[in-house]
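K.L.:
My questions are about this predicted structure, shown below with the sequence.
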Amino acid sequence: MAYLQRKVDQCLGNWLRDPDKKPHIIKGARQIGKTESIRCFASDRFSFCSAYSL
């Protein structure tokens, strides 16, 4: 299935480039793709990822 680009993808890219990174909290409405965005972002850039849905 094709991945739909979202506004949060740009935020995650900016966060990754920031030298003073802090934990990033993604908030938003239900079922808009927050978890999918994080998984796709992490799988492209890291070998391991932990995502917590609270």
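P.N.:
Cool, the structure landed. Numbers count the residues shown, from 1 in each chain.

K.L.:
As a check, name the ranges of all helices in the protein.
P.N.:
Secondary structure of the chain (DSSP state H): helices located at 7-17, 34-45.

K.L.:
Quick check: which helices or strands does the first one pack against?
P.N.:
Under the contact definition 3 or more C-beta pairs under 8 Å, 6 or more residues apart in numbering; DSSP states H and E, helix 7-17 sits against helix 34-45. Where C-beta positions appear, they are placed from N, C-alpha and C, glycine not excepted.

K.L.:
Name the nearest residue to the residue most central in space within the chain, ignoring sequence neighbours.
P.N.:
Nearest residue to the geometric centre of the chain (C-alpha atoms, centre = their mean): Ile38, 2.8 Å. Setting aside the residues directly before and after it, Ile38 is nearest to Ala51 in space (C-beta to C-beta, 6 or more residues apart in numbering), at 5.2 Å.

K.L.:
burial count for the one you found?
P.N.:
Counted with other C-beta atoms under 10 Å, residues neighbouring Ala51 total 10.

K.L.:
Could you pull up phi and psi at it?
P.N.:
Torsion angles at Ala51 (phi, psi; degrees, to the nearest 10) stand at phi -120, psi 130.

K.L.:
And it, what's its pLDDT?
P.N.:
Looking at Ala51, its pLDDT is 71.

K.L.:
you'd agree it is up against Ala42?
P.N.:
Yes. Applying C-beta atoms under 8 Å, one finds Ala51 in contact with Ala42, separated by 7.4 Å.

K.L.:
Quick check, Arg39 in contact with Ser50.
P.N.:
No. Taking contacts as C-beta under 8 Å, Arg39 lies outside contact range of Ser50: 11.0 Å.

K.L.:
distance between stretch 29-46 and the chain's centre?
P.N.:
5 Å (C-alpha atoms, centre = their mean, to the nearest Å).

K.L.:
for stretch 41-54, that is, sorry about that
P.N.:
8 Å.

K.L.:
Pull out the buried residues from that stretch.
P.N.:
By neighbour count on 16 or more other C-beta atoms under 10 Å, the buried set for stretch 41-54 is Phe41.

K.L.:
Tell me the spacing between the nearest residue to Leu4 once chain neighbours are set aside and Asp9.
P.N.:
Excluding the flanking residues, the one nearest Leu4 by C-beta to C-beta, 6+ apart is Gly33, at 6.8 Å. According to C-beta to C-beta, to the nearest Å, Gly33 and Asp9 sit 10 Å apart.
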